[in-house]
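*Asks:* structure here, sequence nowhere to be found:
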(Lines give C-alpha, C1' and ligand atoms only; values in the text may rest on other atoms or scores of the structure.)
Protein backbone atom coordinates (compact mmCIF):
# COMPACT_ATOMS: atom_id res chain seq x y z
CA UNK A 1 0.00 0.00 0.00
CA UNK A 2 1.37 3.39 -0.95
CA UNK A 3 1.14 6.43 1.32
CA UNK A 4 -1.46 7.91 -1.05
CA UNK A 5 -3.54 4.73 -0.82
CA UNK A 6 -3.29 4.80 2.97
CA UNK A 7 -4.47 8.42 3.09
CA UNK A 8 -7.27 7.67 0.62
CA UNK A 9 -8.47 4.80 2.80
CA UNK A 10 -8.40 7.06 5.86
CA UNK A 11 -10.45 9.77 4.17
CA UNK A 12 -12.83 7.14 2.77
CA UNK A 13 -13.62 5.97 6.30
CA UNK A 14 -14.33 9.55 7.38
CA UNK A 15 -16.70 10.05 4.44
CA UNK A 16 -18.50 6.76 5.13
CA UNK A 17 -18.77 7.40 8.87
CA UNK A 18 -19.84 11.02 8.38
CA UNK A 19 -22.60 10.24 5.90
CA UNK A 20 -23.75 7.29 8.01
CA UNK A 21 -23.97 9.34 11.20
CA UNK A 22 -26.38 11.85 9.60
CA UNK A 23 -28.40 9.31 7.60
CA UNK A 24 -32.15 9.45 8.20
CA UNK A 25 -31.93 12.09 10.92
CA UNK A 26 -34.28 15.06 10.97
CA UNK A 27 -33.03 18.62 11.20
CA UNK A 28 -34.14 18.67 14.85
CA UNK A 29 -32.21 15.48 15.60
CA UNK A 30 -29.14 16.85 13.82
CA UNK A 31 -29.42 20.02 15.89
CA UNK A 32 -29.84 18.17 19.21
CA UNK A 33 -27.29 19.13 21.84
CA UNK A 34 -26.98 16.88 24.91
CA UNK A 35 -26.01 19.95 26.93
CA UNK A 36 -26.70 23.63 26.11
CA UNK A 37 -23.01 24.16 25.33
CA UNK A 38 -22.37 20.84 23.56
CA UNK A 39 -21.82 20.47 19.84
CA UNK A 40 -24.62 19.09 17.70
CA UNK A 41 -24.27 16.41 15.03
CA UNK A 42 -24.96 19.05 12.37
CA UNK A 43 -22.23 21.35 13.65
CA UNK A 44 -19.70 18.52 14.07
CA UNK A 45 -20.18 17.14 10.55
CA UNK A 46 -20.26 20.63 9.02
CA UNK A 47 -17.11 21.61 10.92
CA UNK A 48 -15.13 18.47 10.10
CA UNK A 49 -16.00 18.92 6.45
CA UNK A 50 -15.11 22.62 6.50
CA UNK A 51 -11.72 21.82 8.04
CA UNK A 52 -10.99 19.11 5.47
CA UNK A 53 -12.16 21.36 2.62
CA UNK A 54 -10.18 24.38 3.86
CA UNK A 55 -6.94 22.55 4.61
CA UNK A 56 -6.88 20.37 1.49
CA UNK A 57 -7.75 23.31 -0.77
CA UNK A 58 -4.95 25.30 0.84
CA UNK A 59 -2.25 22.68 0.21
CA UNK A 60 -3.52 21.69 -3.24
CA UNK A 61 -4.09 25.16 -4.65
CA UNK A 62 -7.71 24.25 -5.45
CA UNK A 63 -10.75 26.36 -4.63
CA UNK A 64 -12.72 25.12 -1.66
CA UNK A 65 -15.75 22.99 -2.51
CA UNK A 66 -17.64 25.25 -0.08
CA UNK A 67 -17.46 28.15 -2.54
CA UNK A 68 -16.75 26.40 -5.86
CA UNK A 69 -19.96 24.35 -5.65
CA UNK A 70 -21.88 27.06 -3.76
CA UNK A 71 -22.39 25.07 -0.60
CA UNK A 72 -21.90 28.38 1.19
CA UNK A 73 -25.10 29.62 -0.49
CA UNK A 74 -26.96 26.35 -0.09
CA UNK A 75 -26.25 26.14 3.65
CA UNK A 76 -27.23 29.79 4.19
CA UNK A 77 -25.38 30.02 7.49
CA UNK A 78 -24.83 33.40 9.17
CA UNK A 79 -21.05 33.12 8.95
CA UNK A 80 -18.36 34.49 6.67
CA UNK A 81 -17.53 32.25 3.71
CA UNK A 82 -14.10 31.44 5.15
CA UNK A 83 -15.49 30.35 8.55
CA UNK A 84 -14.66 26.75 9.44
CA UNK A 85 -16.23 26.74 12.89
CA UNK A 86 -12.94 26.99 14.74
CA UNK A 87 -13.54 28.94 17.95
CA UNK A 88 -17.31 29.05 17.57
CA UNK A 89 -19.33 30.11 20.58
CA UNK A 90 -22.20 28.03 21.88
CA UNK A 91 -24.64 30.40 20.14
CA UNK A 92 -22.83 29.99 16.82
CA UNK A 93 -22.86 26.20 17.16
CA UNK A 94 -26.63 26.38 17.57
CA UNK A 95 -27.00 28.30 14.31
CA UNK A 96 -25.91 25.32 12.21
CA UNK A 97 -29.32 23.95 11.25
CA UNK A 98 -29.35 21.98 7.99
CA UNK A 99 -30.64 18.75 6.49
CA UNK A 100 -28.88 15.41 6.53
CA UNK A 101 -28.93 15.39 2.74
CA UNK A 102 -27.10 18.71 2.50
CA UNK A 103 -24.49 17.67 5.08
CA UNK A 104 -23.90 14.38 3.25
CA UNK A 105 -23.69 16.13 -0.13
CA UNK A 106 -21.07 18.58 1.11
CA UNK A 107 -19.03 15.85 2.81
CA UNK A 108 -19.19 13.68 -0.32
CA UNK A 109 -18.16 16.50 -2.66
CA UNK A 110 -15.29 17.47 -0.36
CA UNK A 111 -14.23 13.84 -0.11
CA UNK A 112 -14.10 13.55 -3.92
CA UNK A 113 -11.88 16.62 -4.17
CA UNK A 114 -9.66 15.35 -1.35
CA UNK A 115 -9.07 11.88 -2.78
CA UNK A 116 -8.63 13.30 -6.28
CA UNK A 117 -5.82 15.44 -4.97
CA UNK A 118 -4.28 12.67 -2.86
CA UNK A 119 -4.32 10.35 -5.87
CA UNK A 120 -2.04 12.77 -7.69
CA UNK A 121 0.65 12.69 -5.00
CA UNK A 122 3.92 10.81 -5.05
CA UNK A 123 5.78 9.75 -1.93
CA UNK A 124 8.21 12.68 -2.08
CA UNK A 125 5.30 15.16 -2.26
CA UNK A 126 4.42 14.35 1.33
CA UNK A 127 7.72 15.88 2.49
CA UNK A 128 6.91 19.29 0.96
CA UNK A 129 6.76 22.06 3.58
CA UNK A 130 3.28 23.62 3.61
CA UNK A 131 3.43 25.76 6.76
CA UNK A 132 6.58 27.43 8.07
CA UNK A 133 4.81 29.06 11.03
CA UNK A 134 5.58 26.01 13.19
CA UNK A 135 8.81 24.61 14.54
CA UNK A 136 9.45 22.23 12.96
CA UNK A 137 7.71 23.37 9.77
CA UNK A 138 4.65 21.34 8.79
CA UNK A 139 4.97 18.98 5.84
CA UNK A 140 2.12 18.01 3.53
CA UNK A 141 2.07 14.52 5.05
CA UNK A 142 1.78 15.89 8.57
CA UNK A 143 -0.97 18.32 7.53
CA UNK A 144 -3.03 15.55 5.91
CA UNK A 145 -2.62 13.27 8.94
CA UNK A 146 -3.69 16.20 11.14
CA UNK A 147 -6.88 16.58 9.09
CA UNK A 148 -7.58 12.84 9.34
CA UNK A 149 -7.05 13.00 13.10
CA UNK A 150 -9.32 16.02 13.59
CA UNK A 151 -12.04 14.64 11.31
CA UNK A 152 -11.96 11.22 12.97
CA UNK A 153 -12.39 12.74 16.40
CA UNK A 154 -15.34 14.86 15.28
CA UNK A 155 -17.12 12.05 13.46
CA UNK A 156 -16.73 9.94 16.61
CA UNK A 157 -18.24 12.75 18.68
CA UNK A 158 -21.15 12.98 16.22
CA UNK A 159 -21.70 9.22 16.48
CA UNK A 160 -21.76 9.51 20.25
CA UNK A 161 -24.42 12.25 20.11
CA UNK A 162 -26.43 10.13 17.65
CA UNK A 163 -26.24 7.24 20.12
CA UNK A 164 -27.68 9.49 22.82
CA UNK A 165 -30.71 10.10 20.58
CA UNK A 166 -31.45 6.40 20.59
CA UNK A 167 -31.43 5.95 24.37
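*Replies:* Cool, got the structure. Computed from a prediction, not measured in an experiment: that's the story for all the values here.

*Asks:* buried ones in the top helix by length along the chain, by neighbour count?
*Replies:* Ranked by number of residues, the top helix in the chain under DSSP state H is helix 140-165. Residues 140-144, 147-148, 150-152, 154-155, 157-158, 161-162 are the ones in helix 140-165 that count as buried (16 or more other Cβ atoms under 10 Å). Quick note: C-beta positions are derived from backbone N, CA and C, even for glycine.

*Asks:* how about residue 59, secondary structure?
*Replies:* Assigned by DSSP: H, G, I helix; E, B strand; the rest coil, the conformation of residue 59 is helix.

*Asks:* just give the number of residues close to it.
*Replies:* As a burial measure, residue 59 scores 19 neighbours (other Cβ atoms under 10 Å).

*Asks:* report the secondary structure element holding the nearest residue to it once chain neighbours are set aside.
*Replies:* In space, and not counting its chain neighbours, residue 59 is closest to residue 130: 4.9 Å by Cβ to Cβ, 6 or more residues apart in numbering. Secondary structure from DSSP states H and E places residue 130 in strand 129-131.

*Asks:* pairing partners for that strand, with directions?
*Replies:* In the sheet, strand 129-131 lines up against strand 138-139 (antiparallel) (DSSP bridges).

*Asks:* what's the strand it pairs with in contact with?
*Replies:* Residues from elsewhere that reach strand 138-139 (Cβ atoms under 8 Å, 6 or more residues apart in numbering): 126, 127, 128, 129, 130, 131, 132, 146.

*Asks:* and the gap between the residue nearest to the first one when sequence neighbours are not counted and residue 4?
*Replies:* When the adjacent residues along the chain are set aside, residue 126 lies closest to residue 141, with 3.4 Å between them (Cβ to Cβ, 6+ apart). Counting by Cβ to Cβ, to the nearest Å, the gap from residue 141 to residue 4 is 10 Å.

*Asks:* show the pLDDT at the residue nearest to residue 59.
*Replies:* The confidence metric pLDDT takes the value 97 at residue 130.
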